[in-house]
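Engineer: Next come a sequence and a model predicted from it.
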Amino acid sequence: MKTRRGRGVPHSTLERNAETGSKSIGWTAGALSLALILSSSAFFIPQDYLLALIVCDIVLVIHGVCRRGDFWILGRVFLVQLVITLTLYYLIHGQELLLQGALAVVRVLLAFIPGWWLSVSCKPEQIGEVLAWILPVKWAFVIAASLSLLPTMTTEIREIYQTQSLRGAKISPKALRDPRNWSELLHCVIFPLLIQLLKLSKQTAMAAQLRYFGKHKRRTHWR
Amino acid sequence: MSLLELDRVSFRYACGERFILEELSLQIEPGECHCISGPTGSGKSTLLKLIMGVLSRPFDGEMTRTGELTLGLVMQDPNVQFIRQSVGAEVAFALENLCVPPDLMRAKVSSALRKVGLFIRLDMPIEQLSLGQKYRVMIAAQLVFEPDILLLDEPWAQLDNSGVEELILVLSQLKRDGVAVLLVDHNPKAFSELVDVFYHMKGGSLAAGCLPAVTVEHLVAAPVLLDNCVVQAEPFEFRFIDQAPLFKSVEPLAIYGGEIIALIGDNGTGKSSFLKSLAGIQADIGKLPLTVLGKQAKLGVFGAEMGLLLQVPNRQLFEETVLEELQFSLKRFGLPLCRAEQLLSELELSHLAEHSPHKLSYGQQHMVALASLACLKPKVLLLDDPFAGLDAEYLNRVWSLLVNLSHGGSAILLTSHRQMVNLPVTRYWHIEAGLLRCEYDRSVTQTLQFG
């Protein structure tokens, strides 16, 4: 193994780090506020202004994709939701209200995009730090830790889905066109996923506790 | 005076249950390394949690700590302990909680990383590190608050050989600095140059010495069915799209019915991804010149003819009883349900048939997950690191099941990050220095003739 003699950290570097840290906290606070405003607007904004909101969200998507975010995950959920909602609208209301159904799904997507963009463009610990300004430290930690776990959970859900598909579960996109198979998805993918989530959250809580989380009411923050 | 002393400590998880720790005594001095071995469920991890003070129930006996004793624990799987996404933020987490001023953190974090031999950027995403590096980041995340005792839960099972060597160097330096180390592991011999005192768990207490190394005995590999080639591949480069090759295979590959092939390689060499590619579920890999059962690999095309067991196999359990878990795939593929009961009987697990799979021990869950695939009698069975965390008893049971399957004509490809001796495998495939090299052991299969 390599060994190297220890070096001190120059004072100017520390100052520069602190300055960069403050700037990025300012950016995170701004991004969090923007995401909250845009997400809530998706539900409350009148239809006449919806186009403006769509333009704002497109800008966020472009920025998120440039930051190596995977928008296709959200896109797939949107498409599935669109198909299911339009089918139900068609069956219940007929052809006339299809546009209304599509608009409802678009609003849900618009509500999700700012949250996705926030998770792509800001570090979870900095989101936690900003949230701790207005929430109890433990709540802020839970939200930040949940955001940190998102990539792990995405991998988990994909691997559980693939494993159960190989075991013969009727959960392929084609099989799921039949609503009778939806319970199979719930039963053999969502249920094991929830068990994994519970285990993971318990282990994360223990890992945090063992590293003195909760020892003091206020915490300092890594810059 | 000892840093930590346990005097006749007893503990159980619920009233009326048996004591998992009984009259256990232990003394740890500065700079000492203690290693405890024992089968799964014998109480090793419980002992670590008791020492750390995170058990929810009280214990009998006495635990004495010296003054302001600080303890650091690295749990079995480092991946589930990461709270942050970058190396610096992760190591600094304890400092934040201890209210260390931000200007002092960077120096302390760099110093902790240097102690574990990691010279990487502080903003490096943790997901880009190898498992060995992640393990060292997790140790650094403990060292940053300068613990007096460092506790490690089964590091050998997680790390490849080079990872274990790196860990031994790090721990040796810590010992010289006066830090005490308490290891629990199934394979204590791997740390013999480091350990001062060996124990093994016996009836909830500690007995001196360590258990013999885990071996697989009395199993003979099946004859290879040379007329039944189930996997064929032309030379290829295995790489993620737009990335450098993980490894190259310069000669054609073939797997025959009845074979058990062990694919050996360090952590991060691409073993798991290759297995997923054979099952047709690995994204971001270009088209490979290989066929499985005469088909291009794709999710859903193999039906009951292929089984894949990914790491942490208890993730796939979801039914209410063990029997239903085994019968799930049999129902979906229209196969006889009686196979489930037969297999449970062969595995001597019939008494668990009506139990919830979620309440079983780790080893039992592992067996149930594997049995749920084995009862399909697949032509190709792919197993990703199927022995991780198993003790001697379950290791032998798993091998016995695999050998039985191979005698039935199944071809088995399994991965591992280290080569074990005297296994009933027909061939080893090694991934070393970016090359997939095929080896075949004539003493095991006299019948196999290649080329």
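Structural biologist: The structure has been received and is ready for your questions. Numbers count the residues shown, from 1 in each chain, chains lettered A, B, ... in the order given.
Engineer: Look up how far B:Ala157 lies from B:Gln76.
Structural biologist: Separation of B:Gln76 from B:Ala157 (Cβ to Cβ, to the nearest Å) stands at 7 Å. The C-beta positions use only the backbone N, C-alpha and C, and glycine is treated the same way.
Engineer: of these two, who's got more company?
Structural biologist: Remark: of B:Gln76 and B:Ala157, B:Gln76 carries more neighbours, 20 against 17, as counted by other Cβ atoms under 10 Å in any protein chain shown.
Engineer: so where's chain A shaky on pLDDT?
Structural biologist: A:1-22 (pLDDT under 70).
Engineer: Per the annotation, how does it divide into domains?
Structural biologist: Structural domains assigned to chain A are A:24-122, A:136-223, following automatic domain parsing.
Engineer: tell me the most buried of those?
Structural biologist: Among the domains of chain A, domain A:136-223 has the highest mean neighbour count (mean count of other Cβ atoms under 10 Å in any protein chain shown), at a mean of 17.
Engineer: Mutual contacts of B:Gln76 and B:Ala157, please.
Structural biologist: Residues touching both B:Gln76 and B:Ala157 by Cβ atoms under 8 Å, 6 or more residues apart in numbering or on different chains: B:Gly389.
Engineer: all helices for the chain, in order.
Structural biologist: Using chain A. A:11-44, A:50-66, A:71-93, A:98-121, A:124-134, A:137-166, A:182-185, A:191-210 (DSSP state H).
Engineer: if you could check chain B rather than the one you did, that'd help
Structural biologist: B:44-52, B:87-97, B:102-115, B:131-143, B:155-158, B:161-176, B:271-279, B:322-332, B:338-346, B:362-374, B:392-407.
Engineer: if we compare those helices, which one ends up closest to chain A?
Structural biologist: Closest approach to chain A among those is made by helix B:322-332 (3.0 Å; Cβ to the nearest Cβ).
Engineer: List the buried residues in the closest one.
Structural biologist: B:322-330, B:332 (16 or more other Cβ atoms under 10 Å in any protein chain shown).
Engineer: out of these, who's near chain A?
Structural biologist: Among those, proximity to chain A is found for B:328-329, B:332 (Cβ under 8 Å from any Cβ of the partner chain).
Engineer: Return the distance of A:Glu96 relative to A:Phe78.
Structural biologist: Plainly put, A:Glu96 is 23 Å away from A:Phe78 if you go by Cβ to Cβ.
Engineer: actually B:Thr66, not the one I typed
Structural biologist: 59 Å.
Engineer: which residue packs closest to the residue in chain A that chain B sits nearest to, ignoring adjacent ones?
Structural biologist: Nearest to chain B in chain A, going by Cβ to the nearest Cβ, is A:Gly168, at a distance of 3.0 Å. Among residues not flanking A:Gly168 along the chain, B:Arg332 sits closest, at 3.0 Å (Cβ to Cβ, 6 or more residues apart in numbering or on different chains).
Engineer: Also B:Leu390?
Structural biologist: Once flanking residues are discounted, B:Leu390 sits nearest to B:Gly363: 5.9 Å by Cβ to Cβ, 6+ apart.
Engineer: got it, and B:Val380?
Structural biologist: In this structure, B:Val380 finds its nearest non-sequential neighbour in B:Met306, 4.8 Å apart by Cβ to Cβ, 6+ apart.
Engineer: wait, isn't the one you found in contact with B:Leu383?
Structural biologist: No: assessed by Cβ atoms under 8 Å, B:Met306 is found out of contact with B:Leu383, at 11.8 Å.
Engineer: In space, not sequence, find me the middle residue of chain B.
Structural biologist: Nearest residue to the geometric centre of chain B (Cα atoms, centre = their mean): B:Ala388, 2.8 Å.
Engineer: mind checking how far that residue is from B:Tyr362?
Structural biologist: 10 Å.
Engineer: And for B:Pro30?
Structural biologist: Distance of B:Pro30 to B:Tyr362, computed by Cβ to Cβ: 33 Å.
Engineer: Then B:Val184?
Structural biologist: Taken as Cβ to Cβ, the span from B:Val184 to B:Tyr362 is 14 Å.
Engineer: More neighbours: the two, which one.
Structural biologist: Between B:Val184 and B:Tyr362, counted using other Cβ under 10 Å, the more crowded position is B:Val184 (24 against 16).
Engineer: Write down the beta-bridge partners of that one, one by one.
Structural biologist: Beta-bridge partners for B:Val184, by DSSP bridges, are B:Ile36, B:Asp153.
Engineer: show me what contacts it?
Structural biologist: With the criterion set at Cβ under 8 Å, 6+ apart, B:Val184 makes contact with B:35-38, B:44-45, B:47-48, B:151-154.
Engineer: could you check whether stretch B:273-280 is close to chain A?
Structural biologist: Yes: interface with chain A: stretch B:273-280 contributes B:276, B:279 (Cβ under 8 Å from any Cβ).
Engineer: For that stretch, which outside residues touch it?
Structural biologist: If you take Cβ under 8 Å, 6+ apart as the criterion, stretch B:273-280 is touched by A:162, A:166, B:231, B:238, B:240, B:246, B:263, B:282, B:285, B:288, B:290, B:292, B:296-299, B:301-302, B:306, B:308, B:310, B:380, B:382-384, B:413, B:415.
Engineer: likewise stretch B:287-306?
Structural biologist: Outside of stretch B:287-306, the residues within contact range by Cβ under 8 Å, 6+ apart are A:162, A:165-166, A:168, A:172, B:230-236, B:238, B:253, B:277-281, B:329, B:333, B:335, B:376, B:378-382.
Engineer: Which PyMOL command selects the buried ones in those residues?
Structural biologist: A single PyMOL command is used to select the members of the contacts of stretch B:287-306 judged buried by 16+ other Cβ under 10 Å:
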select buried, (chain A and resi 162+165+166+168) or (chain B and resi 230+231+233+236+238+253+277+278+279+280+281+329+335+376+378+379+380+381+382)
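Engineer: just checking, which of the contacts of stretch B:287-306 belong to strands?
Structural biologist: If you go by DSSP state E, the contacts of stretch B:287-306 have B:230-233, B:236, B:238, B:253, B:380-382 in strands.
Engineer: Now render those as TSV, adding pLDDT.
Structural biologist: Formatted as TSV, those follow (pLDDT from 0 to 100):
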residue	pLDDT
B:Val230	94
B:Val231	94
B:Gln232	93
B:Ala233	93
B:Phe236	93
B:Phe238	93
B:Leu253	92
B:Val380	96
B:Leu381	96
B:Leu382	96
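Engineer: hmm, which two among the residues you listed are most spread apart?
Structural biologist: Across those, no pair lies farther apart than B:Phe236 and B:Leu381, at 22.0 Å, counting by Cβ to Cβ.
Engineer: Now do stretch B:189-201: distance from first to last residue.
Structural biologist: From its first residue to its last, stretch B:189-201 covers 15 Å (Cα to Cα, to the nearest Å).
Engineer: Over to stretch A:212-223?
Structural biologist: End-to-end distance (Cα to Cα), stretch A:212-223: 19 Å.
Engineer: can it be found next to chain B?
Structural biologist: Yes: Stretch A:212-223 comes into contact with chain B (Cβ under 8 Å from any Cβ), by way of A:212-216, A:218-223.
Engineer: what's that stretch in contact with?
Structural biologist: Residues from elsewhere that reach stretch A:212-223 (Cβ under 8 Å, 6+ apart): A:17-18, A:20-22, A:25, A:125, A:129, A:132, A:137-138, A:141, A:208, B:88-89, B:92-102, B:105-106, B:109, B:145.
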